[in-house]
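Enquirer: Sequence first, predicted coordinates after that:
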Amino acid sequence: MIEDEIRAAVKNAAAEDDIAISDHDIKLEHPALAEHGDFATNLAFLLAKKLRRQPMEIARSIARGISSPLIAKTEVAAPGFINLWLSDDFLKKETADIITAGCRYGAPQKKNQRVLVEHTQINPNKEPHIGHLRNACIGDALMKLYHFAAYDAKALYYHNDVGQQIASILLAEKKAFVKSDGFPTTIAWASAAYTDIEKRMEEDESLKKEKEKIQIAIAAQDTKEAARAEKLTLEILHETLDVLAKLNISYDLIVRESDILKGKLWEQTFELLKTKSAFYRATDGEKKDCWLIKMPNAEDKIIVRSNGVPTYAGNDIANHLWKFGILPDFRYEKIDWKTQPEPLYMTVSAGGEARRDFSHADAIVNVIDQTQTYPQESVMESLRVLGFTKEADHYHHVNYGFVYLSRKTAEQLGMPVEDGAMQVKISGRKGTTISIQTFLEKMKDTLREKYGEFSSLAAVTSGAIKFELLKYNTYQDVVFDLDAALDIHGMSGPYVQYAATRAKSILAKASEKYRSEKAAVISMLGTDALPESEKTIIRTLYRFPEVVTASLNDFAPHYLCLYLFELSQTWNSFYNENRIIGSEREAERIMLTRSVIQILENGLGLLGIEAPEKM
RNA sequence: GCCCCCGUAGUUCAACGGAUAGAACGGCUCACUCCUAACGAGCUAAUCGAGGUUCAAUUCCUCGCGAGGGCACCA
């Protein structure tokens, strides 16, 4: 990459000056102001103390020695920055590279590592809402980034089919206080029935007891309750995945919690843990007879209840030991639900086939909301306690914040809004929840009202919602505003999509002779100096690979959103001021247009967003 | 009480310890016979407070204030 070459040039210059530095010392940044160059380094400041010399003097002396065909100009700026300008040759070559590399441009170096990305994992008693969708979008974007970097990445969906909320739903089904007819989907019914039965149980002890019986029956497996739980939760899961499939979000493997139980993964985990002193049994007090894991920075976490049943954290430790290939593998069965892209696998406890590609992970990424940081840390700590420190270090909890709805959006969706509230929290209990389906329909209606029916309506809706959910720091709570998401004027998916569409439209009109890759490369490498307006675009284009790498390293898809928006702005501004077809630099500008389209497509693709031909 | 996260224009968000804190929306202007105007240009306005570390702090440390979350034998 360009940065490595610049580092080498700086290093050589320093060496000439008898200053030994490693690549690691040279921090490069893109200055905020164009007048400070394309790259800047603060190297002189870092060396000043060590060398007992003035930063300015060091900077001058190093800058003098910098020589590279990539660098056109070097300047020293007070109080000691070294500023570098890229050469036209580099900018031209890079633009040509974008066209030759095509959809692979920006891909980080190949890593032969397996990453398991667990995301979405919605409990089957909840209708998927926009908060779940944020999770799915983050997970899916990370998956695409990993695939782009040629990791062996798999998307896992953890299917919780034995929890106590399943027992509640089974009870609700048996009692039929809420009839299933009248609900469009099983999940819509389950969600409503669950809320209803939970309320009733608060007032009725006998219902509670009945539920506990069901729960024990489910846990025992091999019972009719367990069979019903399996069937019903799979039906709900199927519906959930259908909704996500409509947004092109898909998975490779469904891990069923029931299979963790059937495979006795917990029992094996328990035996391992018991050999460690940081895992202990409380002998008195409130937590008498519970097994806990010592937490260095928090209260010790209960892993096994006093009745001997593991908590969720316990099963999750087992789950992760499996992921790293420490515990024996599951069996797998291919499932075909027609609506998801194949192949989609599911764990099974018996039958099926053996596969080695779903465990033995080099790294784990769990997209799980912020409230679960403590249990996640307990899983990580357990790995450490068991001596799997390398695995614990490669365990990443990508936490993300709540999605609130803006007051206006909540009102548009007909949700109850408290007086004076600027934002509305999604809560099943308060009745302020809204399904992804309903949300998407509302967005489509809004677009139809504004622009009428058009071919890319679905792509724009999907792009709008994904971009809006991905454009923020994951760990921040965000306020979702429907109009902002759809606003072509703002920092939105449609804005970026529109920029791509307009560029594509130019290409479609361009003369045939400019369309080939060869023509592109030749024209870009011409000898004329690049006009400033074109340079501005290329200066944004060549940063794409850096942004991809940073997004991946920081688990931060929002870097890509910010970048794509900036590129779109730069492009729109250029488009507005400069004629492309028919200009004296027609060939070069058409090729520039091609590069812009390529980057927008590559970048949007990583976010799971289409760049439509027409809008 | 302990732990975590957050506090930046009126609003929603950026900013790897760097140079004049960026955008977007809103408001106020301008522009629009021209490759998709669903575009573009300009103006407006902000780092919660007090110390400290540093050549340099929105960023790191300490304290305070404010908001959210966690500290379940729920998941």
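Expert: Sure, I can see it.
Enquirer: Please name the residues that touch residue A:136.
Expert: A:119-120, A:244, A:247, A:249 (CB atoms under 8 Å, 6 or more residues apart in numbering). C-beta coordinates here come from the backbone N, C-alpha and C atoms, glycine included.
Enquirer: Max pairwise distance over these: which two?
Expert: The largest separation in the contacts of residue A:136, counting by CB to CB, is between A:119 and A:247 at 13.3 Å.
Enquirer: So for those two, which residue has more residues nearby?
Expert: Set residue A:119 next to residue A:247 and count neighbours by other CB atoms under 10 Å: residue A:119 wins out with 25 against 21.
Enquirer: State the helix or strand in which the closest residue to the more buried one other than its chain neighbours lies.
Expert: The shortest distance from residue A:119 to any non-neighbouring residue, by CB to CB, 6 or more residues apart in numbering, is to residue A:139 (2.5 Å). Using DSSP states H and E, residue A:139 sits in helix A:130-148.
Enquirer: Give the buried residues for that helix.
Expert: A:130-146, A:148 (16 or more other CB atoms under 10 Å).
Enquirer: How about stretch A:55-67?
Expert: In stretch A:55-67, counting by 16+ other CB under 10 Å, buried: A:55-56, A:58-59, A:61-63, A:65-66.
Enquirer: for it, what is the average pLDDT?
Expert: The average pLDDT within stretch A:55-67 is 93.
Enquirer: can you give me the offset of that stretch from its chain's centre?
Expert: On the basis of CA atoms, centre = their mean, to the nearest Å, stretch A:55-67 sits 41 Å off its chain's mean C-alpha point.
Enquirer: which residues touch it?
Expert: Residues from elsewhere that reach stretch A:55-67 (CB under 8 Å, 6+ apart): A:9-10, A:12-14, A:16-17, A:19, A:43-45, A:47-48, A:51, A:74-76, A:78-82, A:84.
Enquirer: Just the CA trace of that stretch, in CSV.
Expert: Output in CSV follows, covering the C-alpha atoms of stretch A:55-67 (Å, rounded to 0.1, in the frame of the first residue of the first chain):
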residue,chain,number,x,y,z
PRO,A,55,11.6,19.5,16.0
MET,A,56,11.9,22.0,13.2
GLU,A,57,15.5,21.2,12.6
ILE,A,58,14.9,17.4,12.5
ALA,A,59,12.0,17.9,10.2
ARG,A,60,14.0,20.0,7.8
SER,A,61,16.8,17.6,7.7
ILE,A,62,14.6,14.5,7.1
ALA,A,63,12.4,16.3,4.6
ARG,A,64,15.4,17.2,2.5
GLY,A,65,16.3,13.6,2.1
ILE,A,66,12.9,12.3,1.1
SER,A,67,12.9,11.0,-2.4
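Enquirer: still on that earlier bit, what mean pLDDT does the helix holding residue A:139 have?
Expert: Across helix A:130-148, pLDDT averages out at 96.
Enquirer: go on, stretch A:101-110?
Expert: 93.
Enquirer: how long is it end to end?
Expert: From its first residue to its last, stretch A:101-110 covers 15 Å (CA to CA, to the nearest Å).
Enquirer: buried sites along that stretch?
Expert: Neighbour counts over stretch A:101-110 (16+ other CB under 10 Å) mark A:105-108 as buried.
Enquirer: Just give the nearest non-adjacent residue to residue A:185, would you?
Expert: Nearest residue to residue A:185, sequence neighbours excluded (CB to CB, 6+ apart): residue A:239, at 5.2 Å.
Enquirer: mind listing what that neighbour touches?
Expert: Residue A:239 neighbours (CB under 8 Å, 6+ apart): A:185-187.
Enquirer: buried ones in the strand or helix carrying it?
Expert: Residue A:239 is part of helix A:224-245, with elements assigned from DSSP H and E. Neighbour-count burial for helix A:224-245 flags A:225-226, A:228-230, A:232-234, A:236-245 (criterion: 16+ other CB under 10 Å).
Enquirer: pLDDT on the next helix or strand after that helix, on average?
Expert: Following helix A:224-245 in sequence order, the next helix or strand is strand A:253-256 (DSSP H and E). Averaged over strand A:253-256, pLDDT sits at 96.
Enquirer: contacting residues around strand A:253-256?
Expert: With CB under 8 Å, 6+ apart as the criterion, strand A:253-256 contacts A:118, A:154-159, A:161, A:237, A:319, A:330, A:332, A:335, A:344-347, A:358.
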